[in-house]
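[1] pasted the sequence and its predicted model underneath.
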Amino acid sequence: MTGSQVPDIGQLTKILTIAIVAVLILVVAVGIIFVSKMLPGDDMVPDSSSPSYNEYDPLITSSNNGQTTAPPVYNNQDTQTNSGQAANLPGDTGISDSVNVVDSFTPDDPYFKPFEFKTSEVPEDPVSQEYFQTLYRTSKTFQFDSMSIVVSVGKGPLVVCYAVSGLISGSGDGDGNPYYSFLTVTVIDNKTNEIVATGGYNRKNPSDDEQYITIPRTGEFRINIHGTGLDAEINVLSGTIPENPNSFSVITNANDVFSQMTTGSSALYEDDSNDEYYEEDW
C-alpha cells in the first residue's frame, strides 16, 4: 500500500501488557484491603448491635440501642471529703450537701447542769404554771345526741375538757360498755376544714372518766361532739394573760391537771416563811 503507515505490532503489544499488569496490581491491592478489614485485629470496630467486652474491665459492656456505656468511675477528688464537705457525685443537681458541727445548745432543763452528781443536789421538778380562761361550759346527757360549737382562740392553747358519768353498762356492773356508752370529740380548723385533733371516751379512745385535748394553736375552731349512754361535762378553755380578770392559774405538771383545767380551783403559792408550796382555792 503506497502512502499509508503499517501499525507497529510490537509497540501495541507492550502497551497492552502494561495495562493488563496495572489492572492486576490494582485488583490485588483492593483484595488485600478487603481481606484485612474482614480479619479480626486490634483495630477492629465492634458491631454496635451486639454487646462488647473489654478484657481489662469486664464491667464495661454495651447497653440499649447499641450505645456503649460503663459504670461511673470516681477518682479521689470525687469521693474524698474535706472539713465535712460531702462529695459531689455525677448526676447531682448542683446543690452541695454538707454537714458541720457547731457550738452545742444549752438545754433548758434543771436536771441538766454541769455539776458533779450528788443525790442531795438533784433539783426539784420546777412548777409549771399557765393561765387559762373558760370560753364555754355545759353539762349534757347524750342519748344518740350531737352538738357543735365554734370558738375563737386569740392566745393558745385551746383545751377541750370532758368528764363522763352515768354510764350505761349493759351488764349491771356499773362500768361503761363501749357499745352502749361512748363519746367522740373532733376539733376542726373552721377556716380550712382540717381536722386538727380527735379524742373521746370508749371505742378507740381511752376509758378514763376525765380527759382533755390540747391544741397549741390560735384561730377559729369548730368542736363537734357526739355520743350516747352517758352524761358529760364539757369545758372549753383557752390560754390568756394573768391580768385577765377571768383568768385562773393551772399547774400543768401536777397530777390533778384535768381538775384544775376544768374548775380552775387551785393554784400554787410559795410560803416565804417556810419555803414550801401550798394550794389555795380561788
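    Great, that's in hand. Just so it is clear, the model here is predicted, and its values are computed rather than measured.
[2] point out where the chain drops to low pLDDT.
    For the chain, applying pLDDT under 70 flags the ranges 1-7, 39-95, 110-125, 169-176, 178, 264-282.
[3] try 90 this time
    Applying pLDDT under 90 to the chain flags residues 1-129, 156, 166-180, 203, 249-282.
[4] hey, which helix is longest across it?
    Among all segments of the chain classified by DSSP state H, the helix with the greatest residue count is helix 9-38.
[5] quick one, helices of the chain?
    In the chain, the helices defined using DSSP H lie at 9-38, 76-79, 257-263.
[6] which elements pack onto the last one?
    Packed against helix 257-263 by the contact rule (3 or more C-beta pairs under 8 Å, 6 or more residues apart in numbering; DSSP states H and E) you find strand 158-165, strand 210-215, strand 230-239, strand 248-251. For every residue, glycine as well, the C-beta is placed using N, CA and C.
[7] bridging residues for K140?
    A232 (DSSP bridges).
[8] what sits against it?
    Counting by C-beta atoms under 8 Å, 6 or more residues apart in numbering, K140 makes contact with M147, D231, A232, I234.
[9] most neighbours among those, which one is it?
    Neighbour counts for these peak at A232, which has 22 neighbours (criterion: other C-beta atoms under 10 Å).
[10] that residue is in contact with S139, isn't it?
    Yes - in this structure, A232 is within contact of S139 by C-beta atoms under 8 Å, at 7.3 Å.
[11] what touches both of the two?
    With contacts taken as C-beta under 8 Å, 6+ apart, not a single residue reaches both A232 and S139.
[12] partner residues bridging the residue nearest to S238 when sequence neighbours are not counted?
    Nearest residue to S238, sequence neighbours excluded (C-beta to C-beta, 6 or more residues apart in numbering): V153, at 4.7 Å. Beta-bridge partners of V153, counted by DSSP bridges, are G219.
[13] run a quick neighbour tally on V153.
    As a burial measure, V153 scores 20 neighbours (other C-beta under 10 Å).
[14] so what's it up against?
    L135, R217, T218, G219, E220, F221, S238, G239.
[15] between those residues, which is nearest V21?
    Nearest to V21 among the contacts of V153, counting by C-beta to C-beta, is R217 at 103.7 Å.
[16] residues touching the closest residue to the closest one other than its chain neighbours, list them.
    Spatial nearest neighbour of R217, excluding adjacent residues (C-beta to C-beta, 6+ apart): G156 at 5.5 Å. Neighbouring residues of G156 by C-beta under 8 Å, 6+ apart: I215, P216, R217, T218, S238, G239.
[17] list buried residues within these.
    I215, S238, G239 (16 or more other C-beta atoms under 10 Å).
[18] let me know the closest of those to V127.
    G239 (17.3 Å).
[19] what's around the residue nearest to that closest one when sequence neighbours are not counted, how many residues?
    Leaving aside its sequence neighbours, G239 sits nearest to K155 (C-beta to C-beta, 6+ apart; 4.5 Å). Counted with other C-beta under 10 Å, the neighbours of K155 add up to 14.
[20] same check on Y180?
    15.
[21] my guess is it contacts T228, does it?
    Yes - applying C-beta under 8 Å, one finds Y180 in contact with T228, separated by 7.4 Å.
[22] look up the residues forming beta bridges with S165.
    Note on S165: beta-bridge partners by DSSP bridges are D231.
[23] against V236, how distant is it?
    Plainly put, S165 is 19 Å away from V236 if you go by C-beta to C-beta, to the nearest Å.
[24] ok so, going back, pick out the most distant pair among the contacts of V153.
    Taking C-beta to C-beta as the measure, those reach their widest spread between E220 and G239, a distance of 15.4 Å.
[25] give the contact list for S152.
    With C-beta under 8 Å, 6+ apart, S152 has these contacts: G219, E220.
[26] bridging residues for the residue nearest to A197 when sequence neighbours are not counted?
    Leaving aside its chain neighbours, A197 sits nearest to V187 (4.3 Å; criterion: C-beta to C-beta, 6+ apart). Here V187 sits in beta bridges with A197, I223, as judged by DSSP bridges.
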